[in-house]
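Chemist: Sequence first, then the predicted structure:
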Amino acid sequence: MTRHFTPPVHQTAAPSTMLVEAIRCWSEAREAGMSAQPRLWRVLDSHDCTMLTPVLDSLMRLYEIGLGRPVRAGEGLVISEDEHLLLDLIDGRFSRKVCLACTGEIGSALDCAICSTRIMMALTVPLHTLAVVSTYRLQ
């Protein structure tokens, strides 16, 4: 009798759910004056995406600088405007140049962080791959 290997089914949350959890975790750590990466790593570990820890930490730091204030996180099922905007920037629905007033080196660094996040999510989060590839464009 021949037996075939059946790979385990790995259920992952939607990438947007993971990102909102990461945004909130990062924001809470920063508000508490704690290092965000260890807490962010734990959240991402539950999604099997720890590789995104430094990418999202950098993105969040630059996003706050671009906003000119701390990120406002939502609660429970309510997603804040800041969370919506960041999800839209990552998915390519909006351009940073249209949404945020930051320019020069900060604007360029934030654009690079957004692109890096898209690329790393495409490599790390299988469900996100098609969305990132179809919306990826240089702006």
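Modeler: Cool, got the structure.
Chemist: When you work out contacts or count neighbours from here on, use the C-alpha atoms and nothing else.
Modeler: Fine.
Chemist: now this protein, which segments are flagged as low pLDDT?
Modeler: Scanning the chain for pLDDT under 70 picks out 1-14, 97-99, 101, 126-139.
Chemist: mind checking the SS state of the residue nearest the centre of it?
Modeler: Most central in the chain under Cα atoms, centre = their mean is Leu19, positioned 4.6 Å from the mean C-alpha point. Recorded secondary structure, Leu19: helix (DSSP: H, G, I helix; E, B strand; the rest coil).
Chemist: Now the lengthiest helix in the chain: buried residues?
Modeler: Taking DSSP state H as the criterion, the chain has its longest helix at helix 104-124. By neighbour count with 16 or more other Cα atoms under 10 Å, helix 104-124 contains the buried residues 107, 109-111, 113-118, 120-122, 124.
Chemist: Please compute how far it lies from its chain's middle.
Modeler: 10 Å (Cα atoms, centre = their mean, to the nearest Å).
Chemist: What of stretch 34-49?
Modeler: Relative to its parent chain, stretch 34-49 has a centroid offset of 12 Å by Cα atoms, centre = their mean.
Chemist: hmm, who's touching that stretch?
Modeler: 12-13, 18, 21-22, 25-27, 29-30, 50, 52-54, 57, 124-125 (Cα atoms under 8 Å, 6 or more residues apart in numbering).
Chemist: Buried among those residues? Make that a PyMOL selection.
Modeler: A single PyMOL command selects the buried members of the contacts of stretch 34-49 (16+ other Cα under 10 Å):
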select buried, resi 18+21+22+25+26+27+29+30+50+52+53+57+124+125
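Chemist: helices or strands up against the longest helix of the chain?
Modeler: Contact analysis of helix 104-124 by 3 or more Cα pairs under 8 Å, 6 or more residues apart in numbering; DSSP states H and E lists helix 53-67, helix 81-91, helix 96-99, helix 129-135 as its packing neighbours.
Chemist: any chance of those helices in JSON lines, plus distance to Gly74?
Modeler: Shown next, in JSON lines, are the helices and strands packed on helix 104-124 (distance: least, Cα to Cα, whole Å):
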{"stretch": "helix 53-67", "distance to Gly74": "15"}
{"stretch": "helix 81-91", "distance to Gly74": "7"}
{"stretch": "helix 96-99", "distance to Gly74": "19"}
{"stretch": "helix 129-135", "distance to Gly74": "24"}
